[in-house]
Structure formats: structure tokens, C-alpha cells
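S.K.: Predicted structure and sequence below. I'll ask about it afterward.
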Amino acid sequence: GVITGAKCSNLLRLEPPPLNNSRYVVRVDRKFRISCICQQTSLNCLHLAWRNEFGRKIDGESSNSLFTVELREHNTMYKKLSLVFTQIAKRDTGIYKCVARNSRRISANWKVEIIVVGNKFLILMKNM
């Protein structure tokens, strides 16, 4: 079985939380990080991964400007996989998916869209 989107929220948690459960608007050239946390009480995570819109896995070796870092959350020991952009660029705009799988082959995935904007765009939004 596959659990997707907002139904995932008791299994997976994203930090910072996305707008409307699905979107991040990020200023170009910033360092940006999204952490996907597998709340293991409901899904005993064996496998946690970030994938791009083409289904390609992003890992610690992906590139200097985009990679993942796996940690355990301090107080809970939940598995946490961070997607890190060292200097986000317009070309990083797109769909990214955090995928978790357990031993019973149940998987949960949370798809988000990252929109990278220039500085002019944000001034425009403020004035609307």
C-alpha cells in the first residue's frame, strides 16, 4: 500500500512545514534545507529517501550544491533525512518527493514543489 500527501502527516513530517502541505517558495542563491522525519511509531522506517521529479534518488554524493544528510532526531530518535541546497538556483525549481518504506512494504510519500524566485518577485508579492 502507498500513503500519500496530507494523509502522510502522522507518518512523515516535513520541516519547515510547506505552504498548503505542498509548496515552498525560496529566494534564489539562499541555502535551503527541508527535513523529512519518519515518525516511526506509525511506520517502522527501514528506508527513507528524497527523489526528484524524474524518480532519481538524491543522496549524499549527488552534487556539491544538492545532497542529503541522514540524522536521528534528538529527543525521539526518529529517522530524519534532510535535503540540502547549498545555494539554490532557478534550475532547482521542481517537484521533490520524500519516500519512506517499512519492512511490510508499506510506503508513504510526500510530494512538494519548490519554486525558486528572484528578489524582484518577492517585492511584487509584498505589494499585491
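M.R.: Cool, got the structure. Numbers count the residues shown, from 1 in each chain.
S.K.: Find the least confident helix or strand in this protein, judged by mean pLDDT.
M.R.: helix 119-126 (a mean of 60; mean pLDDT, DSSP states H and E).
S.K.: Pairing partners for the helix or strand hosting Leu46, with directions?
M.R.: Assigned by DSSP states H and E, Leu46 belongs to strand 45-52. Strand pairing for strand 45-52, using DSSP bridges, gives strand 57-58 (antiparallel), strand 94-102 (antiparallel).
S.K.: Only C-alpha atoms, please: export the longest strand belonging to the chain in CSV.
M.R.: For the chain, the longest strand by residue count, based on DSSP state E, is strand 107-117. Extracted C-alpha coordinates of strand 107-117, given in CSV (Å, rounded to 0.1, in the frame of the first residue of the first chain):
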residue,chain,number,x,y,z
SER,A,107,5.4,3.1,1.8
ALA,A,108,4.5,6.7,2.4
ASN,A,109,5.5,9.6,0.2
TRP,A,110,5.1,13.3,0.4
LYS,A,111,5.5,15.3,-2.8
VAL,A,112,6.4,19.0,-2.6
GLU,A,113,7.0,21.7,-5.1
ILE,A,114,10.0,24.0,-4.7
ILE,A,115,9.7,27.4,-6.5
VAL,A,116,12.9,29.4,-6.7
VAL,A,117,12.2,33.1,-7.2
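S.K.: Contacts only, for the residue nearest the centre of the chain.
M.R.: Nearest to the geometric centre of the chain sits Ile34, at 4.8 Å (CA atoms, centre = their mean). By CB atoms under 8 Å, 6 or more residues apart in numbering, the contact set of Ile34 is 14-16, 18, 24, 82-83, 96, 98, 112. All C-beta atoms are positioned from the backbone trio N, CA, C, and that covers glycine.
S.K.: Quick check: PyMOL command selecting the buried ones in those residues.
M.R.: Applying 16 or more other CB atoms under 10 Å to the contacts of Ile34, the buried members can be selected in PyMOL as follows:
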select buried, resi 14+18+24+82+83+96+98+112
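S.K.: Among the contacts of Ile34, which ones are in strands?
M.R.: Using DSSP E, the contacts of Ile34 in strands are 14-15, 24, 82-83, 96, 98, 112.
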